[in-house]
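Student: Fold the following, please.
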Amino acid sequence: MIIHENRIYSTIFVNEFIMTGSSDCTIKIMDQNFQVVHTVKHKTAVIMLVYSAKLRMLATGVFSDIILYDSNFELQKQIMAHNDMITGLVFIDKHSLLVSSSLDRQVIVWCLKKYKKL
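Tutor: Numbering: from 1, shown residues only. As a prediction, the model looks like this:
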């Protein structure tokens, strides 16, 4: 089953939905029957996806930037995070933090209350 027009880089399962990020510059949100129920468009490829149920937030790695959405997929913040491609994202819900890693060899901890590096 082909969902995207190009390579898929990331897949996550959240609250009965499947989300995929692709080099076709989209995130596809599908139900459990693989029917696309929503598409989020980006300017560049979506490399990473991670969701926090507690924070009700989706974080995407779009090359060297982090883009944050609320649970309705409304843009909350775009962070110029790294100098090279993001390779990992993880939420630390208890402290409202996001950790990112990149090919630039950095691991950065972000405060999601102020959207700043710690």
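
Student: Could you list the paired strands of the helix or strand where residue 68 lies along with their orientation?
Tutor: Element membership for residue 68 (DSSP states H and E) is strand 65-70. Here the strand partners of strand 65-70, with direction, are listed using DSSP bridges: strand 57-62 (antiparallel), strand 75-80 (antiparallel).

Student: Report the buried residues of the last one.
Tutor: Within strand 75-80, the residues scored as buried using 16 or more other Cβ atoms under 10 Å are residue 79. Where C-beta positions appear, they are placed from N, C-alpha and C, glycine not excepted.

Student: how distant is that strand from the center of its chain?
Tutor: Centre-to-centre, strand 75-80 and its host chain are 11 Å apart (Cα atoms, centre = their mean, to the nearest Å).

Student: Using PDB, write down the CA coordinates of that strand.
Tutor: Output in PDB follows, covering the C-alpha atoms of strand 75-80 (Å, rounded to 0.1, in the frame of the first residue of the first chain):
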ATOM      1  CA  LEU A  75       1.800  24.800  14.400                       C
ATOM      2  CA  GLN A  76       3.000  25.900  17.800                       C
ATOM      3  CA  LYS A  77       6.700  26.700  17.200                       C
ATOM      4  CA  GLN A  78       9.600  26.200  14.800                       C
ATOM      5  CA  ILE A  79      13.000  26.000  16.400                       C
ATOM      6  CA  MET A  80      16.300  26.400  14.400                       C
END
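
Student: Quick one: residues in contact with it.
Tutor: Contacts with strand 75-80, where a contact means Cβ atoms under 8 Å, 6 or more residues apart in numbering, come from 57, 64, 65, 66, 67, 68, 69, 70, 110, 115.

Student: Could you give the average pLDDT over the strand holding residue 68?
Tutor: Here strand 65-70 scores 96 as its mean pLDDT.

Student: Name the nearest residue to the spatially most central residue of the chain, ignoring sequence neighbours.
Tutor: Centroid-nearest residue in the chain, with Cα atoms, centre = their mean: residue 60, separated by 1.8 Å. Among residues not flanking residue 60 along the chain, residue 67 sits closest, at 4.7 Å (Cβ to Cβ, 6 or more residues apart in numbering).
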